[in-house]
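A.B. asks: Let's see this in three dimensions:
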Amino acid sequence: MTEHAHAVGERIGPGSVSVTRTGTRTYEGLNERGSTVLIGPVDAPGHFTPGELLKLALAGCAGMSADSVAARRLGNDVAITVWAHGTSEDDNRYREIDEEIIVDLSALEPAEREKLAGIMARAIAKACTVARSVDGAIELRTTIDGIEI
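C.D. replies: Okay, the predicted model is just below:
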């Protein structure tokens, strides 16, 4: 990998991110707070593809959006994992992505499980900026603890 630096733009502020080239089809992503991520093709070790980052953004946003609702009902130490599944089509587009929220709701009665899953889904629909931004362009399907929302 070669030495690189992110050129400074005039519009850097909250929400700004950049990528700078580190090699053939490989980049380093940077936010204004100094966090970095490696971006590149599937065969670049340690790198995320742009499509993986899109799915990661959707999964992270869904988890963050539903977090306080789940923690309020299940406790602050609740274990939540969110997966985003999907591959791009032949035309290099994601048409659908399935979000799978893995959280153990087995301690709840069936009606309470359904209710909490619905509340979590509404929290995601209301607060997930990434999902709201791709709405209409990508079909998102969400399951929470096996409950299709």
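A.B. asks: got the residue ranges for the helices in the chain?
C.D. replies: 50-74, 110-127, 129-134 (DSSP state H).
A.B. asks: in the shortest one, what counts as buried?
C.D. replies: Across helix 129-134, burial judged by 16 or more other Cβ atoms under 10 Å covers 130, 131, 134. Heads up, the C-betas are built off the backbone N, CA and C, glycines and all.
A.B. asks: Could you do the second one as well?
C.D. replies: For helix 110-127, burial by neighbour count (16+ other Cβ under 10 Å) applies to 113, 116, 117, 119, 120, 121, 123, 124, 125, 127.
A.B. asks: repeat for the first one
C.D. replies: For helix 50-74, the buried set under the neighbour-count rule, 16+ other Cβ under 10 Å, comprises 51, 54-55, 57-59, 61-67, 69-70, 74.
A.B. asks: Tell me the one of the residues you listed nearest residue 44?
C.D. replies: residue 51 (13.5 Å; Cβ to Cβ).
A.B. asks: Just the pLDDT for that closest one.
C.D. replies: For residue 51, the pLDDT comes out at 97.
A.B. asks: Isn't it up against residue 88?
C.D. replies: Yes: contact between residue 51 and residue 88 holds when scored by Cβ atoms under 8 Å: they sit 5.8 Å apart.
A.B. asks: what touches both of the two?
C.D. replies: Counting by Cβ atoms under 8 Å, 6 or more residues apart in numbering, the common neighbours of residue 51 and residue 88 are residue 94.
A.B. asks: Quick one: residues in contact with the worst-scoring helix or strand of the chain on mean pLDDT.
C.D. replies: Across the helices and strands of the chain, mean pLDDT, DSSP states H and E gives its lowest value to strand 147-148, namely a mean of 94. Applying Cβ under 8 Å, 6+ apart, the contact partners of strand 147-148 are 105, 113, 114, 117, 141, 142.
A.B. asks: How far does that strand sit from its chain's centre?
C.D. replies: Averaging C-alpha positions (Cα atoms, centre = their mean, to the nearest Å) puts strand 147-148 19 Å from its chain's average.
A.B. asks: Parallel or antiparallel, list what pairs with that strand.
C.D. replies: Next to strand 147-148 in the sheet, as set by DSSP bridges, lie strand 139-144 (antiparallel).
A.B. asks: What's the local residue count around the closest residue to residue 49 other than its chain neighbours?
C.D. replies: Excluding the flanking residues, the one nearest residue 49 by Cβ to Cβ, 6 or more residues apart in numbering is residue 42, at 5.9 Å. Residue 42 has 9 neighbours, counted by other Cβ atoms under 10 Å.
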